[in-house]
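Trainee: Generate coordinates for the sequence data below:
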Amino acid sequence: MRDIRVEGLQRVEAGTIFASMPVKVGDTYSDEKAAASIRALFGLGLFKDVRIEANSGVLVVIVEERPTIADVDFSGSKEFDKEVLKKALRDIGLADGRPFDKALVDRAEQELKRQYINRSMYAAEVVTTVTPIERNRVNLSFAVVEGDTAKISDIRIVGNKAFSESTLRGLFDQDTGGWLSWYTKSNRYSRTKMNADIETLRSYYLARGYLEFKVDSSQVAISPNKQDISITINVTEGERFVVSKIKLAGNYLGKEEEFQSLIAIQAGEAYNADQVAQTTKAFTDYFGNFGFAFARVEAVPEIDRSTNRVEVTLRADPSRRVYVRRINVAGNDRTRDEVIRREFRQLEAAWYDGEKIRQSRNRVDRLGYFKEVSLETQEVAGSPDQVDLTVTVAEKPTGSLSLGAGLSSGEGFGFTFGFKQDNAFGSGNSLGMEVNTSKVNRTIVFNTTNPYFTEDGVSRTIDLYQRNSKPYVDLDSYSIETTGASMRFGIPFTDTDTVYVGGGVDRTTVVPGTLLPTVYKEFTDEFGFTTNAVPLTIGWARDTRDSAMVPSVGKVMRTSGEWSVGGELRYARGTAQYQQFFPVSKKVTAAFNAELSLGASTASTSYPVFKNFYSGGLGSVRGFEQGSLTTGAQRLQAIPTATGGSRKITFNAELLSPLPGGGNDRTLRMYGFVDAGGIYGADEAIQLGDMRSSFGVGISWISPVGPLRLAFARPIKQFDSDKIQSMQFQIGTTF
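Mentor: Below you'll find the predicted structure:
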């Protein structure tokens, strides 16, 4: 052939044709080569028809291009955002600018239906309309008739003898629905959830000695109208086995005693698969502490069916010792590598240390900048004694902005602005600002924290603030003005313990006016209308909770102290807090909180009233107005006024569980509580008989805007002058 000519091209480049054909200019033409060329061109997916003709040494390739998709649109879709559906179609190759293929459209319809089936919308129908437009293009329109959502109407478990069907169904995340199903969607069938529930069922039996438990089958039946789903799970429980003996086998590096102390399996008790898994993981992790990253530990049960007893042998092979060649960071589009790397305790070119690697992963997760943190170990090709670590993160928004304006007879017009960024510019530093322009409370606060002010991980926080409080805006009343600045440093002693030290300056001015309370008048008579303080601060914190948002186990301990060493005001004040969380069951958590605050003068002068503690309301004793509890001396006044006290004690107890009908969803829970607390003056002894107390119920919701808590409380013990507030609302703290 002396030439190859292409006819029928509109958008495809001729070079694409020439590069794909197995025939070149100068080759000898044959029917086999022509057939191979046609197959190759059809394989591109760009052409609807391809013909090849040979005429006087010229090979003519005649093509008919497929239309190009100009636009993909959806109508009738309410369950999904259009972008979600477009992404699903892009994943199968159908998108704007791609060649139109009828077979691909059929696949697209099936993919859309699959998306709806995943949401239990089995009656969904999809109709595709293809509209040709100019320049050999088409518009695709998918009309969706969603129909109603299919709901689980019945869940049956067949073959169970040791445990009731209601007990086993209570383990599942899926159920037949309740009054909260509109939120939890627990009555929507999902194959993924179904598999998870079956695994939960299997784990429940294996943790109670039923070593040979198995799920024989699971059937899912849908009604003819595609609205009701019935689930049946057939199980065989088998016999219950008791552990008779635990043995070690294999190479334990001469540390058999250390490994023995890690065994969680109990001889004489029912075989517990959770304890077995906990033991093998502990063994593997302990091997990792010595550099054996690929250690293998296997629990081998030897069953004696005549006595229903089982002997467990733990076989270990430490394999080879390795060191970490390189640590890679992935997924951080905004956060700098340095912010993640400085949290690592495992170093490059050092022996693999499983404990340090776990600490490193947890420290990155505790930064709070990422939705997910995963860490993978990869072998280095050709180097059996080396591994690479890759930490992959999924970033989340770390900033918040709040704007507001209001008009009230009490405060007049007020504008509020709040800004906080925990990971400013991806540096790991935090910035925050708060502004309030109301006539009653004018505030401007600025703060910033550098968590790595030094390379050793010492943090630095700077606070600047100016506050003006005038309780009675419509009168020529008194006001309180406070201006100050502080700086504190956080020194990490362990991964869970941090000590804080710092200092600041504080100036408070009492602006004279009407309705000045007696305690403020006594204060100005002693100190004058303007006072200064130079407080030094010290604190310590330890947090071992499993989750900061919905903890179920662990504790928090905090202490903080403030000592003024300069200015007219000389005082010391401190707070100690202890919180403990206990898992009562898989769903129920008990929580306890205790807090003690004390303040005293360190000179011959009085303790300043501005440094008093307040109690009552959210965060202390619910059911009473915020900060409204009075001391014994204040209750003796003709008009009791709550101006706080130099001593405060608070106790809280809660029992949290998912809302009825909410399944196992821990982001929406109900809780019952009992609170007790009291406030005392400098000359009053702390007596538990003077404490107020309350009880009540509430709802806790981890919402998109943060933790929300609603409490309904009734006092148990109160005094005649107390101000009661039965319903209270809170955003933020746990108690």
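
Trainee: looking at it, Phe74 is touching Leu85, isn't it?
Mentor: Yes. Counting by Cβ atoms under 8 Å, Phe74 touches Leu85, with 5.6 Å between them. No exception for glycine: its C-beta is placed from N, CA and C like everyone else's.

Trainee: For those two, indicate the residue with more neighbours.
Mentor: Of the pair Phe74 and Leu85, Leu85 is the one with more neighbours under other Cβ atoms under 10 Å, namely 21 against 18.

Trainee: is the nearest residue to Phe613 once chain neighbours are set aside in a bridge, and if so with what?
Mentor: Spatial nearest neighbour of Phe613, chain neighbours left out: Lys648 (4.0 Å); criterion: Cβ to Cβ, 6 or more residues apart in numbering. Note on Lys648: beta-bridge partners by DSSP bridges are Ser597, Ile679.

Trainee: Look up which helix or strand the most centrally placed residue in the chain falls in, please.
Mentor: Centroid-nearest residue in the chain, with Cα atoms, centre = their mean: Lys371, separated by 6.3 Å. Assigned by DSSP states H and E, Lys371 belongs to strand 370-380.

Trainee: The stretch 251-400 of the chain: strands as residue ranges?
Mentor: All strands of the stretch 251-400 of the chain, identified by DSSP state E, counting those that start in this stretch, fall at 296-304, 309-317, 323-330, 370-380, 383-395, 399-408.

Trainee: Adding distance to Gly689 and mean pLDDT as columns, could you present those in a markdown table?
Mentor: As requested, the strands of the stretch 251-400 of the chain are exported to a markdown table (distance: least, Cβ to Cβ, whole Å; pLDDT from 0 to 100):
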| stretch | distance to Gly689 | mean pLDDT |
| --- | --- | --- |
| strand 296-304 | 57 | 93 |
| strand 309-317 | 56 | 95 |
| strand 323-330 | 58 | 91 |
| strand 370-380 | 49 | 86 |
| strand 383-395 | 53 | 89 |
| strand 399-408 | 40 | 54 |
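
Trainee: Out of the ones you listed, the one nearest Ser657 is which?
Mentor: strand 370-380 (25.9 Å; Cβ to Cβ).

Trainee: What is that closest one packed up against?
Mentor: The helices and strands touching strand 370-380, judged by 3 or more Cβ pairs under 8 Å, 6 or more residues apart in numbering; DSSP states H and E, are helix 354-366, strand 383-395.

Trainee: With distance to Phe259 and mean neighbour count added, can I get these in CSV?
Mentor: Putting those into CSV (distance: least, Cβ to Cβ, whole Å; neighbours: other Cβ atoms under 10 Å) gives the following:
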stretch, distance to Phe259, mean neighbour count
helix 354-366, 14, 18
strand 383-395, 23, 17
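
Trainee: Make CSV from these and add distance to Asn195 to it.
Mentor: CSV is the format used below for the helices and strands packed on strand 370-380 (distance: least, Cβ to Cβ, whole Å):
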stretch, distance to Asn195
helix 354-366, 27
strand 383-395, 24
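
Trainee: Quick check: which of those is nearest to Leu140?
Mentor: Among the helices and strands packed on strand 370-380, if distance is taken as Cβ to Cβ, the winner is strand 383-395, at 32.2 Å.

Trainee: Output the closest one as CSV - backbone C-alpha positions only.
Mentor: Output in CSV follows, covering the C-alpha atoms of strand 383-395 (Å, rounded to 0.1, in the frame of the first residue of the first chain):
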residue,chain,number,x,y,z
SER,A,383,15.2,-5.7,51.5
PRO,A,384,13.5,-8.3,53.9
ASP,A,385,14.7,-6.4,57.0
GLN,A,386,13.1,-3.0,56.0
VAL,A,387,9.6,-1.6,55.9
ASP,A,388,8.0,1.6,55.0
LEU,A,389,5.2,3.2,57.0
THR,A,390,2.4,5.2,55.3
VAL,A,391,0.1,7.3,57.3
THR,A,392,-3.0,8.3,55.3
VAL,A,393,-5.3,11.0,56.6
ALA,A,394,-8.7,12.4,55.5
GLU,A,395,-8.9,16.0,56.3
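
Trainee: who does that strand pair up with?
Mentor: Checking strand 383-395 against DSSP bridges gives partners strand 323-330 (parallel), strand 370-380 (antiparallel).

Trainee: And the first one, how far out from the chain middle?
Mentor: With Cα atoms, centre = their mean, to the nearest Å as the basis, the distance from the averaged C-alpha position of strand 323-330 to the chain average is 26 Å.

Trainee: ok, the closest residue to Ile263 other than its chain neighbours - contacts?
Mentor: Nearest residue to Ile263, sequence neighbours excluded (Cβ to Cβ, 6+ apart): Thr279, at 5.3 Å. If you count contacts by Cβ atoms under 8 Å, 6 or more residues apart in numbering, Thr279 has them with Leu262, Ile263, Ala264, Ile265, Ala299, Leu314.

Trainee: pretty sure Ala221 is in a helix, no?
Mentor: No. Counting by DSSP: H, G, I helix; E, B strand; the rest coil, Ala221 is not part of a helix but strand.

Trainee: ok, now how distant is it from Leu94?
Mentor: Ala221 sits 33 Å away from Leu94, taking Cβ to Cβ, to the nearest Å as the criterion.

Trainee: higher neighbour count, those two?
Mentor: A count of neighbours by other Cβ under 10 Å puts Leu94 above the other of Ala221 and Leu94, at 21 against 11.

Trainee: That one: helix or strand, and which one exactly?
Mentor: Applying DSSP H and E, one finds Leu94 in no helix or strand.

Trainee: What of Thr192?
Mentor: helix 191-206.

Trainee: least trustworthy helix or strand in this structure by mean pLDDT?
Mentor: strand 399-408 (a mean of 54; mean pLDDT, DSSP states H and E).

Trainee: how many neighbours does Asp96 have?
Mentor: Asp96 has 13 nearby residues by other Cβ under 10 Å.

Trainee: Same check on the one 10 residues further on?
Mentor: Residues near Asp106, counting by other Cβ under 10 Å, number 11.

Trainee: any idea how far it lies from Leu94?
Mentor: In this view, Asp106 and Leu94 are 10 Å apart by Cβ to Cβ.

Trainee: still on that earlier bit, could you point out which of the helices and strands packed on strand 370-380 sits nearest Leu708?
Mentor: helix 354-366 (23.1 Å).

Trainee: Which secondary structure elements does the closest one sit against?
Mentor: Other helices and strands packing on helix 354-366, by 3+ Cβ pairs under 8 Å, 6+ apart, are helix 273-288, strand 370-380, strand 383-395.

Trainee: now the angle from it to helix 273-288?
Mentor: 110 degrees (axes from the mean of the first three to the mean of the last three Cα atoms, to 10 degrees).

Trainee: hey, where'd the helices end up in the stretch 101-250 of the chain?
Mentor: Per DSSP state H, counting those that start in this stretch, the stretch 101-250 of the chain carries helices over the ranges 102-117, 165-169, 181-184, 191-206.
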